[in-house]
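# Turn this into a structure:
(4 chains)
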Protein chains: 2
Amino acid sequence: MLPLSEIFAALGDPVRFSIVERLLAEGEVAAGDLVSGSGITAPAISRHLSVLRDAGLVQSRAEAQRRLYSVRPDSLQTIARWTMDHREFWESSVARLDALMALEEKK
Amino acid sequence: MLPLSEIFAALGDPVRFSIVERLLAEGEVAAGDLVSGSGITAPAISRHLSVLRDAGLVQSRAEAQRRLYSVRPDSLQTIARWTMDHREFWESSVARLDALMALEEKK
DNA sequence: CGGTTAATTAACCGATTCGCGAAATAAAGG
DNA sequence: CCTTTATTTCGCGAATCGGTTAATTAACCG
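Purely as a prediction, here's the structure:
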């Protein structure tokens, strides 16, 4: 499968993360619609989209001149699988106790 | 909670990702032990650890001169919660069909 | 064909990142 | 104290990143 750290790197940029969240909320969104309201220019968005595509996070579909982007479900599943692989760790009471102790020490 | 895109950014570096995976596998590991076998120097590892700590992914505990690092369970839980928030998307048969179609089109 | 719209590519630039070696800090232990 | 061990902080170059404007490609439409 796709390398997990590349997926994380793609989501690590706040602009790209918000793009993915918008795609998740709206389904398919054209590149131009992602530009509107993003605060940055079309070329910048286009490059972000290519990073997301290279990481396997999004796919695009052509409709006339527009390119409609959407999230690739299997990429999210890859992340979910990784977290679930360690579920017993972050879900255990011992783990939660460690978390509380860390909060009390604070830094 | 901690900003999700900062967590992803921290995990986006392959060195940091492998550090987290080793901490998950072994529990607590001293900084020096993380250096051995990483291929990079101690200062580099130290900086990676501070990035991971700033992102809320790891915590450290002092024991004599050593600093023992471990994963903060709540940070993994934060990621798991985000994926679960969109579970019905990547788990649905419609979504899986989209994924298959994308693979057939292939770019 | 000529014009318009949509998106990407090219070229450039400032800021950040990631590695290093050297120096500083912290805690033990003779 | 002084040395050893463990880790972090400090500069410093090389490389990457994220943004810009300008140019290019692609598809539709009169």
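# Which positions in chain A make contact with DNA strand D?
Residues of chain A lying near DNA strand D by CB under 7 Å from any atom of the strand: A:12-13, A:15, A:40-41, A:43-44, A:47-48, A:51, A:62, A:64-65. C-betas here are computed from N, CA, C, even on glycine.
# Buried among those residues? Need that as a selection in PyMOL.
Provided next is the PyMOL selection string for whichever of the residues of chain A next to DNA strand D are buried by 16 or more other CB atoms under 10 Å in any protein chain shown:
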select buried, chain A and resi 12+13+48+51
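# Of all pairs in the residues of chain A next to DNA strand D, which one is the farthest apart?
A:12 and A:64 (32.9 Å; CB to CB).
# Can you tell me which of the residues of chain A next to DNA strand D end up in helices?
When those are checked against helices (DSSP state H), the matches are A:12, A:15, A:43, A:44, A:47, A:48, A:51.
# Stretch A:32-42 and chain B in contact?
No: using CB under 8 Å from any CB of the partner chain, stretch A:32-42 never reaches chain B; the gap is at least 14.7 Å.
# Make TSV out of the ones in helices among the residues of chain A next to DNA strand D and add pLDDT.
As requested, these are arranged in TSV below (pLDDT from 0 to 100):
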residue	pLDDT
A:12	98
A:15	98
A:43	98
A:44	98
A:47	98
A:48	98
A:51	98
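# show me where chain A has helices.
Under DSSP H, chain A gives helices at A:4-12, A:14-26, A:31-35, A:42-54, A:73-85, A:87-91, A:93-105.
# residues making contact with the third one?
It stands for helix A:31-35. A:19, A:22, A:41, A:42, A:45, A:46, A:49, A:60, A:66, A:67, A:69 (CB atoms under 8 Å, 6 or more residues apart in numbering or on different chains).
# Correct me if wrong: the last one contacts residue A:62.
No: in terms of CB atoms under 8 Å, residue A:69 does not count as a neighbour of residue A:62; the distance is 10.9 Å.
# pLDDT score for the spatially closest residue to residue A:4 that is not a sequence neighbour?
Sequence neighbours aside, residue A:82 is the residue nearest to residue A:4 in space, at 5.8 Å (criterion: CB to CB, 6 or more residues apart in numbering or on different chains). If you check residue A:82, the pLDDT there is 97.
# do residue A:97 as well
72.
# what's the spacing between it and DNA strand D?
Distance, residue A:97 to DNA strand D, by CB to the nearest atom of the strand, to the nearest Å: 23 Å.
# how deep is that residue tucked in, by neighbour count?
Applying other CB atoms under 10 Å in any protein chain shown, we find 11 residues neighbouring residue A:97.
# And residue A:22, by the same measure?
The number of residues packed near residue A:22 is 17, by other CB under 10 Å.
# repeat for residue A:38
Residue neighbour count, defined by other CB under 10 Å, stands at 16 for residue A:38.
# now residue A:101
The burial count for residue A:101: 11, using other CB under 10 Å.
# Quick check, pLDDT for the spatially most central residue of chain A.
For chain A, the residue nearest the mean C-alpha position is residue A:11 (4.2 Å; CA atoms, centre = their mean). Here, the pLDDT recorded for residue A:11 equals 98.
# residues contacting it?
Going by CB under 8 Å, 6+ apart, residue A:11 touches A:17, A:20, A:57, B:4, B:5, B:8, B:12.
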